[in-house]
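Novice: What follows is a protein structure lacking sequence information:
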């Protein structure tokens, strides 16, 4: 599967499509297919970007 999150860069806001209760997260890093995201209600989570496509948030 392709990297669904290759365009995400540190500072961008995202949502996890399967975990809406985590709230909005801010991308901390995107290195080698691993995204580190700090979610408001779940803390820092590392996501395999080849398996989960995060949804960019543009209205914060």
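Specialist: Nice, I can see it. Keep in mind that what you see is a predicted model, and the values were worked out from it rather than measured.

Novice: Mind listing the strands the lowest-mean-pLDDT helix or strand in the chain pairs with, and their directions?
Specialist: Sorting the helices and strands of the chain by mean pLDDT, DSSP states H and E puts strand 55-56 at the bottom, at a mean of 94. According to DSSP bridges, strand 55-56 forms sheet pairs with strand 13-15 (antiparallel).

Novice: Touching the partner strand from outside, list them.
Specialist: The set of residues external to strand 13-15 that reach it, using CB atoms under 8 Å, 6 or more residues apart in numbering, is 8, 22-27, 37, 54-58, 60. Where you see a C-beta, it was placed from the backbone N, CA and C, and this is true even at glycine.

Novice: quick check: mean pLDDT across it?
Specialist: Across strand 13-15, pLDDT averages out at 97.

Novice: which other helices and strands contact the helix or strand just after that strand?
Specialist: Remark: after strand 13-15, the chain's next helix or strand is strand 25-31, criterion DSSP states H and E. Here strand 25-31 touches strand 13-15, strand 34-39, going by 3 or more CB pairs under 8 Å, 6 or more residues apart in numbering; DSSP states H and E.

Novice: could you give the angle of strand 25-31 to strand 34-39?
Specialist: Interaxial angle, strand 25-31 versus strand 34-39 (axes from the mean of the first three to the mean of the last three CA atoms, to 10 degrees): 160 degrees.
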